[in-house]
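[1] heads up, no residue letters with this:
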Ligand SMILES: [Zn+2]
């Protein structure tokens, strides 16, 4: 069994192309100014179609997290346990599901300041993860 990879479509391709270049791309609404993730065809706050891509700062704070010790499917993820799956509140005001890396799982705390790093899975796919800001 192989690790599942993201499937790019017309909404997500700019995001994944940014990740491949190690750049965080987010959508921002031209009407209300809010950033959003995941990308969508319209703004989830005000329903405007005036959404464009911006480069995110790559900084945020940990909102919540879990420590995975019994992954499914185990044949893919067992070598990586324990690992942290977290929600990070980005500086731009939207929230992203991700991993926290670069520290022990028990050292993750709510409000921890983190910055983005990219893990290259294939030549096409890099995934955004976050590590504590030193
Ligand atoms: Zn809006």
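    Received the coordinates, thanks. Here the structure is a predicted model, which means the values were calculated and not measured.
[2] tell me how far the closest residue to residue 32 other than its chain neighbours lies from the ion.
    Spatial nearest neighbour of residue 32, excluding adjacent residues (Cβ to Cβ, 6 or more residues apart in numbering): residue 46 at 4.3 Å. In short, each C-beta sits where N, CA and C put it, glycine included. Distance, residue 46 to the ion, by Cβ to the ion, to the nearest Å: 3 Å.
[3] can you pull the contacts of residue 46?
    29, 31-32, 34 (Cβ atoms under 8 Å, 6 or more residues apart in numbering).
[4] of these, which is the most crowded?
    residue 29 (20 neighbours; other Cβ atoms under 10 Å).
[5] show me what that residue is bridged to.
    Counting by DSSP bridges, residue 29 forms beta bridges with residue 51.
[6] from the ion, how far off is it?
    For residue 29, the distance to the ion - Cβ to the ion - is 3 Å.
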